[in-house]
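J.: kindly return the folded structure for what I paste below:
(2 chains)
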Amino acid sequence: MLTHIWKKEIRGELYTWKSMLWLVIASLLFSFTSYLLLTNAELSLLDQTELMWLLGKIIIGVALLIVTIDASSIITTEFEKETAESLFLAPVSLKDFILGKLFASLTLWAAIFVVSIPYILVASAGSGLGLAFMGYVALLGTIGVIGFIFLIFGISLLYRSSKNTITTALIILLAFATPALFTSTLKNDIVSQVFSAANPIDNMFNSLDNVLVDYKTSLIDNWQFLLPLVVFCMIAFAILFLSAKRFEKQGIVKND
Amino acid sequence: MKKTAIIYLFMVLIIGCGSARAQITGAPLLSMQILSSKTLSGTAGDFVTVEGQITNAGSKPLGDVTTYLSLMDNQNKLPVDLEDWSAEKGLYIGTIDAGQTLPLNWKIHFVKAGAYSLIIIAEAAGNDLPQVSAITQFNVSPKRNLNPGQVLPVALGTPIVLIFVLFMLSYKRRVDE
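T.: Sure, this is the predicted structure:
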């Protein structure tokens, strides 16, 4: 049943040219960024590893934005189109329903990652860091995307409204992403440093920086960034778990 | 009275001359040379190493010796901010013994095309006058990148391949229906 839900979502999301146009636009964005980084008179003078870091941030940023929007509507549309009731009348458990939707959202991340591979290879040519760059974008992106999907699914089951879920999910993404783009001089005080250490997007970007700029490519060298990311995933999963329990208790028709 | 004033004036002149002479003779006998002057020219984006040397030609050790680069844009007649060009523009040497020669190295990142002149400046403790090397001229040619790292085929090819895949999917769907 899980596979059925997954395939159904993928058919809806990736089968028509209209539903895939976002991927072409994402690839145009990567094209524009990589061409600009490598050919612009001043940007091309940056260290190659810094160019790779910037490209990595853009790939993960685009993926988080697209997956956030997709995950915000993938569950709530079932309630808005009133298909949830018939779906749960069929032998579909809530676990299968959530996992099917999770894999569907992760497929979008996988599509973005596959499209980004040529750009990763061309940006890292000759640096000796191509595989590490690709591996860490895949690892950090996957952990981060899973955490955000858990969180957004939890919100979806609470709100059951696309509009409210998308607004909340986007503002959460913005709240995490904006401080991550601050320069290190703005992170000198203790509050910023604590928030930065807990912020999943900050940890993804800092780990990429650690790998590409500081050449610390082993997982042990990056545990201080990977651990908070895993903790974020666990907290997001706990929110989803509680929200799913509440959903099971309330039933499809919300009483509030 | 007049005689006393003349004697005082004479003494002041003697002390003044002595002090000025002390400043000149006390000036550090440091000499700097840029050794890599012939290999400095390059293209914007290149990293080059400015190799030089500093020699204490005096008979006494000199302490707290610091050397730094000064770069001048010959076209704009303006000094260049070395922050973007070199990670460490100042080198602290410390003490140089009499007759000792030490190597100096600066890694410079050529940022902008143009004609430049470069000097090494040295300061030592207890001396007001800095010492400078001879001027070295060099040129940085502009970087012309139309296809660095084969980015153009990837930047153009990937969206085209994706559009083709979308078209094929759409066509297959219509045929299936």
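J.: quick one: name whatever helix or strand follows whichever strand or helix holds residue A:8.
T.: Residue A:8 is part of helix A:2-14, with elements assigned from DSSP states H and E. Tracing the chain C-terminally past helix A:2-14 and defining elements by DSSP H and E, one meets helix A:17-39 next.
J.: is chain B contacted by that next one?
T.: Yes. With C-beta under 8 Å from any C-beta of the partner chain as the criterion, chain B is reached by helix A:17-39 at A:17, A:20-21, A:23-24, A:27-28, A:30-32, A:34-35, A:38-39. From N, CA and C alone the C-beta is placed, and that goes for glycine too.
J.: among those, who's most crowded?
T.: In terms of neighbour count, residue A:34 stands highest of those at 27 neighbours, by other C-beta atoms under 10 Å in any protein chain shown.
J.: now it. Nearest residue, chain neighbours left out?
T.: Spatial nearest neighbour of residue A:34, excluding adjacent residues (C-beta to C-beta, 6 or more residues apart in numbering or on different chains): residue A:119 at 4.8 Å.
J.: the one you found contacts residue A:30, correct?
T.: Yes. Residue A:119 is within contact range of residue A:30, at 4.7 Å (criterion: C-beta atoms under 8 Å).
J.: please identify every residue contacting each of these two.
T.: A:55, A:59, B:158 (C-beta atoms under 8 Å, 6 or more residues apart in numbering or on different chains).
J.: so which of these belong to helices?
T.: Judged by DSSP state H, helices contain the following of the shared contacts of residue A:119 and residue A:30: A:55, A:59, B:158.
J.: so what's the residue in chain B that chain A sits nearest to up against?
T.: In chain B, the residue found nearest to chain A is residue B:155; the distance is 3.8 Å by C-beta to the nearest C-beta. Each residue near residue B:155 by C-beta under 8 Å, 6+ apart is listed here: A:31, A:32, A:34, A:35, A:119.
J.: now do the closest residue to the second one other than its chain neighbours, the pLDDT please.
T.: When the adjacent residues along the chain are set aside, residue A:32 lies closest to residue B:155, with 7.5 Å between them (C-beta to C-beta, 6+ apart). With respect to pLDDT, residue B:155 scores 90.
J.: gap between residue B:155 and residue A:27?
T.: With distances taken as C-beta to C-beta, to the nearest Å, residue B:155 is found 9 Å from residue A:27.
J.: tell me the secondary structure for residue B:103?
T.: Of the three states, residue B:103 takes strand according to DSSP: H, G, I helix; E, B strand; the rest coil.
J.: now the one 5 residues further on
T.: Secondary structure state of residue B:108, per three-state DSSP, is strand.
J.: mind picking out the helix or strand in the chain with the poorest mean pLDDT?
T.: Picking chain A for this. Ranked by mean pLDDT, DSSP states H and E, the helix or strand of chain A with the weakest confidence is helix A:84-89, at a mean of 70.
J.: sorry, I should have been clearer: chain B.
T.: Ranking every helix and strand in chain B by mean pLDDT, DSSP H and E puts helix B:2-26 at the bottom, with a mean of 50.
J.: who does the helix or strand following it touch, helix- and strand-wise?
T.: Next helix or strand after helix B:2-26 toward the C-terminus (DSSP H and E): strand B:30-34. Applying 3 or more C-beta pairs under 8 Å, 6 or more residues apart in numbering or on different chains; DSSP states H and E, one finds that strand B:30-34 contacts strand B:47-56, strand B:62-73, strand B:114-123, strand B:131-132.
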